[in-house]
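Enquirer: okay, predicted coordinates and the sequence, questions at the end:
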Amino acid sequence: MASQWKPSLLEATSTLSFENGSSDRFIAKISRDWCTQHSVLGGYLTALMLAAARKYASIETEAVLNYPDPVHVFAQFLLKVPPGQVSVSCKILRATSRLCVVRVELELPGQSNSGHGQPQPSTACIAIATFADLEKENGLTQGATAPESSSAHPAPLPSREKECITIDDPVVDATPVTRKLHWVAPRSVDGRWGHRLGGHQREVWLSFRDGSAISDLLHLALLTDMPLQPPATHTAGFYTRHALSTLCLSVEFKKRPDPSTKWVLVRSNSLRVADGRYDANVQILNEDGDILALGNHVVYISDLKGEKEPKTAKM
């Protein structure tokens, strides 16, 4: 039996349509393909809001060619978003010859309340996105000046062919969004994948199983929030006992990926995992070691089935 065709990220986000002839509100339908354990991945919501903001800014501003690229986005997640229809509204906060700042709000449809008034939509996510032209950026540029022993000089990229293995842990196929990717990572001496650098640092090579290229900055927004972050890979059976919810994330886009890019390396590090909350600092690099995007997350950990981890859990 042939596998069912599923849209790529760019195909999925391009289905945004104007709501009832409005110029600043869009309608989108999100499929289960972009879900994690319990809801739509925050990285997909961020990519969808960036797509809406880009489309809106191209219509509402005269200097369309000045703003082809998102250079930064901050997203605050307020509610879990189930698959289905959402509304996205946009408003330009500032536009200059160099940049355009757009406020984006994603709403869930209003729920019926037994005939007591008109159902009101619920705000699920708010983002502030800044657009510019990465190809035209210029100005002060500095290289690393820290001592050679400093972490400012990162380790060389692990070779996919010689140092890495394909991750075959069942968790990779446990959710629709993780099933979209090939996961290839170095195996550390203690058997945990991706942890060759120690601590809560993790490395993993990612590519899309459908063969589509990582060709757009929207891909980087998605991959910055990909599951299996360091705390989850630090403990065996993590996802059988815990669920993760991203509180907020920010992404800075450094460089457009080459249109033919198939693989990127995602480096993640959590500086502190405590009391059910952790940070995640993310780097996305191409195969030449160039940084394409940087991300920062705040994530809540909730217990499943009433189980709790002791406060002295191994870090």
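Expert: Yep, it's here. Just so we're clear, the structure is a prediction, and the values are computed from it rather than from any experiment.

Enquirer: do a quick rundown of the helices in the chain.
Expert: Along the chain, the segments classed as helices by DSSP state H run 9-13, 42-60, 217-224, 230-234, 238-241.

Enquirer: just say which of the ones you listed is most tucked in.
Expert: Comparing those by mean neighbour count (mean count of other Cβ atoms under 10 Å), helix 217-224 ranks first with a mean of 26. For glycine as for every other residue, the C-beta is placed from the backbone atoms N, C-alpha and C.

Enquirer: how distant is that helix from the center of its chain?
Expert: From the chain centre to the centre of helix 217-224 is a distance of 5 Å (Cα atoms, centre = their mean, to the nearest Å).

Enquirer: can you give me the strands for the stretch 151-300 of the chain?
Expert: Using DSSP state E, counting those that start in this stretch, the strands assigned to the stretch 151-300 of the chain run over residues 164-166, 181-186, 201-208, 242-253, 264-269, 273-274, 277-285, 291-303.

Enquirer: circling back: reformat the helices of the chain into TSV and put mean pLDDT and distance to T130 next to each item.
Expert: Conversion of these to TSV gives the following (pLDDT from 0 to 100; distance: least, Cβ to Cβ, whole Å):
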stretch	mean pLDDT	distance to T130
helix 9-13	95	18
helix 42-60	93	10
helix 217-224	97	12
helix 230-234	64	28
helix 238-241	72	34
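
Enquirer: closest one to V264 among those helices?
Expert: Judged by Cβ to Cβ, the one of those that comes nearest to V264 is helix 217-224, at 6.6 Å.

Enquirer: hmm, who's touching that closest one?
Expert: Around helix 217-224, the neighbours that count as contacts under Cβ atoms under 8 Å, 6 or more residues apart in numbering are 9-10, 13, 41, 43-44, 46-47, 50-51, 69-70, 73, 206, 214, 249, 251, 253, 256-257, 264, 266, 282, 284, 292-293, 295.

Enquirer: next one: stretch 166-179
Expert: Taking contacts as Cβ under 8 Å, 6+ apart, the residues outside stretch 166-179 that touch it are 32-37, 41, 44, 181-185, 193-194, 204, 209, 226-228, 238-239.

Enquirer: mean confidence score for that stretch?
Expert: Here stretch 166-179 scores 85 as its mean pLDDT.

Enquirer: number the chain from 45, please
Expert: Will do, 45 is the new start, and the previous item becomes stretch 210-223.

Enquirer: show the end-to-end separation of that stretch, please.
Expert: By Cα to Cα, to the nearest Å, the extent of stretch 210-223 from end to end equals 13 Å.

Enquirer: and that stretch, what's buried?
Expert: Taking 16 or more other Cβ atoms under 10 Å as the basis for neighbour counts, the residues of stretch 210-223 that come out buried are 211, 215-216, 219-222.

Enquirer: repeat for stretch 297-309
Expert: Of all the residues in stretch 297-309, those buried under the rule 16+ other Cβ under 10 Å are 297-301, 305, 308-309.

Enquirer: return the distance of that stretch from the chain's centre.
Expert: The chain centre lies 14 Å from the centre of stretch 297-309; the measure is Cα atoms, centre = their mean.

Enquirer: before we move on, what about stretch 124-144?
Expert: 16 Å.

Enquirer: list the buried residues of it.
Expert: Using 16+ other Cβ under 10 Å as the test for burial, stretch 124-144 gives 125, 130-134, 136, 139, 144.

Enquirer: pipe these into TSV and attach distance to I103 per row.
Expert: Written out in TSV, the entries for those read as follows (distance: Cβ to Cβ, whole Å):
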residue	distance to I103
V125	25
V130	20
S131	17
V132	14
S133	14
C134	10
I136	11
A139	13
C144	12
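
Enquirer: which ones among the residues you listed are found in strands?
Expert: Filtering the buried residues of stretch 124-144 for membership in strands, criterion DSSP state E, returns 130-134, 136, 139, 144.

Enquirer: widest-spaced pair of these?
Expert: With distances taken as Cβ to Cβ, the most widely separated pair in those is V130 and A139, at 25.6 Å.

Enquirer: give the residue spans of this structure that score low on pLDDT.
Expert: Residues of the chain that meet the criterion pLDDT under 70 lie in 45-49, 105-109, 156-162, 188-198, 233-243, 273-281, 283, 349-359.

Enquirer: quick check, nearest of the buried residues of stretch 124-144 to E63?
Expert: For E63, the closest of the buried residues of stretch 124-144 turns out to be S131, at 6.1 Å, with distances computed as Cβ to Cβ.

Enquirer: what's around the closest residue to the closest one other than its chain neighbours, how many residues?
Expert: In this structure, S131 finds its nearest non-sequential neighbour in E151, 4.5 Å apart by Cβ to Cβ, 6 or more residues apart in numbering. Counted with other Cβ atoms under 10 Å, the neighbours of E151 add up to 19.
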